[in-house]
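Colleague: From the sequence below, what's the structure:
(chains A and B, ligands or ions: 1)
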Amino acid sequence: MMANELQKIGNAEPVALLKIPVLAISEWREAVLQEVRAGARICALFALPPRDSPVDPADGLARFGALKSRLYAVLGHDREAALAVCATDVEKAYPSLSQVIPQAHWFEREIAETCGVIPQGHPRLKPIRAPLSDAPFFEVAGDSIHEVAVGPVHAGVIEPGHFRFQCHGEQVFHLEIALGYQHRGVERALIGGPGLRTLHYMETLSGDTSIGHALAYVQAMEPLVGIEPPRRAAAIRGIALELERLANHVGDLGALAADVGYLPTASFCGGLRGDFLNLTARICGSRLGRKLLRPGGVCFDLPENAAVEFTRSLEGALRHVNEAAELLWSRSSVLGRFEHVGVVSAETCTDLGLVGPVARACGVKNDVRADFPSGIYRHAKVAVATHAGGDVFSRARVRWLEIQESGRLIRSLLSELAEGLAEGPILHEAFRAGRAAPVLAPDRLVVSLVEGWRGEICHVLITDRNGRIARYKVIDPSFHNWSGLEMALRNQQISDFPLCNKSFNLSYCGHDL
Amino acid sequence: MLKELLARLHQGHRTIPFPREEPVLPERYRGLPAISAANCRDGCRECEKACPTEAITFAGGGDLRLDLGRCLFCSACEDACPTGAIRFTRDYRMVTRERAALLLGDAKTLELARALEERMLRVFGRSLKLRQVSAGGCNGCEAEVSVLNTVVFDLGRFGVQFVASPRHADGLLITGPVTKNMRLALRKTYDAVPAPKFVIAVGACAISGGPYAGHQEACGGAESVVPVDLFIPGCPPHPVTTLDGLLRLLGRRGRTVIR
Ligand code: SF4
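Modeller: The predicted model follows:
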C-alpha cells in the first residue's frame, strides 16, 4: 500500500467513515510507518469501540469480548497541511507500532488500557491512567542506586501526579511518570452527545486551556452542521486564544524565575498574568474564558471602545512584561541555571513527537496556526518562533518570543475589528437560542487541530449513524510531551526537577481526562 | 541591583485595597444570582431544562431553587428564562459555612460564612497555614487559588499561607470532584493534618462534583471523603470570592446576611 493512497483531509474537514480505508493489520502498520518515514507525526492513534460493546459498570470501560475494535491513526504532514487517516480492525492483539515508531508508545498504552487490545512487543506496556494498579516501576539495579518517589500530592498548588526517580547520588538515571489521578471519565461521558454538559467538559478538559479546547470542539462541530462561524466571531476567538497564550506564557516566565529564586521577575509576572486574564474577563465575564465560545460563533461581542481600551491595557501590560523579561535575560545567575539544563535533543523531540513550545525550543518549527491554519489564522499569518538549544533557557525564550507575536496578533485583530471589517452577527443563526439544536452529519470523522499555549490540541470526533457522538478523542499537547519531560531529566541533578518540570508546565487533567 | 529597583518603580504598587475598599470586577462578571420566583410562569421550567448540572429544582412542585454548590455560572438558565426570574448580579460574596445554605430561593436569605469558633479563632486567627489538594480539579480552581499568592491579592498580609506539607497545615483547601484515583491520597493528607483542623471546598466540583457529578470515576465532591467547613462556589470562583470567604472565616469581615 502506498502512502499516497491514504485518505488525506485538512484541519476541521469532515470525511465520511466509508471513505477511510480499513486495511489489514500488516498493511496498516506499513502505511503508518511509511507516513512517519515521510515526515508525518502521529496526531492521534486510538480505538473505536465496536458498536453496542458492553460497558463494564465497575470501571466504565468497554469490554469487547470477541468483538473487534477499530484502530484509527491520524498522521499530520505539517508542511503540506494534510492529515492522513487510516484504520484497521484488531481483535485481541496486534504487533505494536512502538517497536519501530517510538512516538506511538503512549498511545498504544492507552489503547491497551481502554479496550484490552494488546500491542505485542510494546517496550513498556502498562496503563497510563491507573496509578493505583500495581504495575511495577522501571528499576535500575545496583548497590548505589536509590529511588525517590514524589507525589501524587505535591508541595505547591498544583495537580497530582507521581514521579519515580532512579538516582545515583544527585544524578537522575531514569524518571518514570505515573499519571491518572485526575481521571474523571470525560471521554466516556462525551459519547452519545452533544448534550448540556458537552461544552462544560470541553472548558474543563484542562481548565487553564478553556479557550483552546473549546475552540477545538466548536471547530469540529461546525463543519458537521455545514456552517462557518461569522468572521467577527472568528476574530474574537483568535483574540481569546492569544490572550490565553499570553496569560500562561507570562505566568510561566514568572514561575521559572521563582524556581531559580529570582524574585523580581517572579513577582512582576505573577501580577501581570492577571492583566491578561482580566482582559478575557472583560469580554466574557470569566477570567478563564468560560462561556465565550459556542458552536456557531461566540456569546459575547467585544465591549464598546474595546479597540482603544484593550490596546491601551495590552500595551501597558506588555511593556511591563518586557521589562520583567529583560531583567531575567540580563542576570547571569539566572542564565547559569537555565542554560544546558533539561536538554532534549531535536532527534528525541522528533522521535517522541513532541509539540508546542517544547518542540519549538528544540528547533522544530511546527505550529498549527501556521501549518494547519483554520478560523482567523487563515487570514492572520503567524510568525513561528523557534530556538535551538532544547534546554530550559530555550523553552523560556520561545515563550518570550511567542508573547511578542501574540501581542502583535491581538493588536492587529483589534484594529481590524475597530475598522468595522467584520461587523455583523457573532453567532450563526443555526445556533441561535430558541432554535432546535442542529443535527450533526452521521457517520463522519473530523479532526480538529488548534495551537493552544501548550501546543497542538487535537480532537477527533466520530459521529454514529444518528449523528450522535460515537467517539470523541481528545489529545491534549501534554499527552505527547510528558515523555519529553522524562527524557529531559536523564543525567540531570534531581534538584533541577522542579525547574525542568516548570519549563514544560504540562497538564495532568488534560492527560488523564 | 539598580535595574531591579528601577523596574520595581515602573511596575508600581499592584496590591488591591480589598477588603478596605470594594473590589473592581469586570462589567460582565457573573456573580451571585438573584431569583424572583414571582416572575415564574406556571410550569415553565425552561431554566431547569437548560441547566447542565441539575442545579435548578422545583422540589415538590414548589418554587424555583438554585443550588449555588452545583452552579457553573454559565447563565444558561438566565438566557433560557422568558421572564427574568433569574438574574446574575455582580455580587462576589457567596461563601458559606453550611452546604444547605447554598440553596438559593426567592424569599431565602444567604447567610455568608461566619467566623470560626472562638477557640479555633484564637489558634488560627492571625496565622493560618493551608495545604492545597487538587483531587480531579481542572486547574481552573487551582490557578485562581494560586493567584492569591501574587502581589495583586497578597494573601500573606492576612497571615494566610500555603504550605508544602500537611503536617505543617491547619487545614486543607480542596479542589476537584475527588476522583476515585485521588480518594486515598486525599484521605491520607487529611489524616496527616494535626487537629484541630478544618476543610475548605473550592469550586463546584469540590462542593458537588460540578460537571462530573454522577460520574462513576469521581466521588461527587470533598464531602464524600472528609467533613467540609467552608464552601466556596464558582467555576472557578473569582479570587476575590475566595479571599472574602477566607477573611470571613477568620472573623475579619463581620457577619453578613444577603437578602
Ligand atoms: S448558571 Fe448555574 S444554575 Fe444556571 S444553568 Fe448554569 S449551572 Fe445551571
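
Colleague: max-length helix in the chain?
Modeller: As the question left the chain open, I've gone with chain A. Assignment by DSSP state H gives helix A:231-259 as the longest helix of chain A.

Colleague: Chain B was what I was after
Modeller: The residue-count maximum for a helix in chain B (DSSP H) belongs to helix B:180-192.

Colleague: Helix B:180-192 and the next helix or strand after that helix, what's the angle between them?
Modeller: Reading on from helix B:180-192 to the C-terminus, the next helix or strand found by DSSP states H and E is strand B:198-202. On the basis of axes from the mean of the first three to the mean of the last three C-alpha atoms, to 10 degrees, strand B:198-202 is oriented at 150 degrees to helix B:180-192.

Colleague: So which elements touch the very next helix or strand once past strand B:198-202?
Modeller: Later in the chain than strand B:198-202, the nearest helix or strand by DSSP H and E is helix B:203-208. Helix B:203-208 sits against helix B:140-146, strand B:171-175, strand B:230-232, with contacts defined as 3 or more C-beta pairs under 8 Å, 6 or more residues apart in numbering or on different chains; DSSP states H and E. For the C-beta atoms, the positions are set from N, CA and C on the backbone; glycine is no exception.

Colleague: Mean pLDDT added to the ones you listed, as CSV?
Modeller: CSV is the format used below for the helices and strands packed on helix B:203-208 (pLDDT from 0 to 100):
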stretch, mean pLDDT
helix B:140-146, 95
strand B:171-175, 95
strand B:230-232, 97
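
Colleague: need the strands for the stretch 151-300 of chain A, in chain order.
Modeller: With DSSP state E, counting those that start in this stretch as the definition, the stretch 151-300 of chain A shows strands at residue ranges A:162-168, A:171-178, A:293-294, A:297-298.

Colleague: Could you check how far the longest helix of chain B is from the centre of its chain?
Modeller: Here helix B:180-192 shows a centroid-to-chain-centroid distance of 21 Å under the convention C-alpha atoms, centre = their mean, to the nearest Å.

Colleague: out of the helices and strands packed on helix B:203-208, nearest to residue A:161?
Modeller: With C-beta to C-beta as the measure, helix B:140-146 is the member of those nearest residue A:161 (12.9 Å).

Colleague: Would you mind pulling the contact partners of the closest one?
Modeller: By C-beta atoms under 8 Å, 6 or more residues apart in numbering or on different chains, the residues outside helix B:140-146 that reach it are A:157-159, A:204, A:207-208, A:210, A:287-288, B:132, B:134, B:173, B:175-176, B:202-203, B:205-206, B:234-239, B:242.

Colleague: C-terminal to that helix, what's the next element?
Modeller: Per DSSP H and E, the first helix or strand lying C-terminal to helix B:140-146 is strand B:160-162.

Colleague: How far off centre is that next one?
Modeller: Relative to the chain's own centre, strand B:160-162 is displaced by 17 Å; criterion: C-alpha atoms, centre = their mean.

Colleague: same question, stretch B:63-71
Modeller: On the basis of C-alpha atoms, centre = their mean, stretch B:63-71 sits 14 Å off its chain's mean C-alpha point.

Colleague: Against the ligand - does it have any residue that ends up touching it?
Modeller: Yes. Against the ligand, stretch B:63-71 shows contacts by C-beta under 6 Å from any ligand atom at B:66, B:71.

Colleague: Which residue, other than its chain neighbours, is closest to residue 45?
Modeller: Unless you meant another one, I'm taking chain A. residue A:107 (3.8 Å; C-beta to C-beta, 6 or more residues apart in numbering or on different chains).

Colleague: nope, chain B
Modeller: Nearest non-adjacent residue to residue B:45 (C-beta to C-beta, 6+ apart): residue B:58, at 6.7 Å.

Colleague: quick one: contacts for the one you found?
Modeller: Counted by C-beta under 8 Å, 6+ apart, residue B:58 has contacts B:45, B:48, B:64-65.

Colleague: would CSV of the residues you listed with secondary structure and pLDDT be doable?
Modeller: Shown next, in CSV, are those (DSSP: H, G, I helix; E, B strand; the rest coil; pLDDT from 0 to 100):
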residue, secondary structure, pLDDT
B:45, coil, 90
B:48, helix, 93
B:64, coil, 90
B:65, strand, 91
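
Colleague: Which among the residues you listed count as buried?
Modeller: B:48, B:64-65 (16 or more other C-beta atoms under 10 Å in any protein chain shown).

Colleague: Now tabulate those residues in JSON lines and tack on distance to chain A.
Modeller: Listed next are the buried ones among the contacts of residue B:58 as JSON lines, based on distance: C-beta to the nearest C-beta, whole Å:
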{"residue": "B:48", "distance to chain A": "11"}
{"residue": "B:64", "distance to chain A": "18"}
{"residue": "B:65", "distance to chain A": "18"}
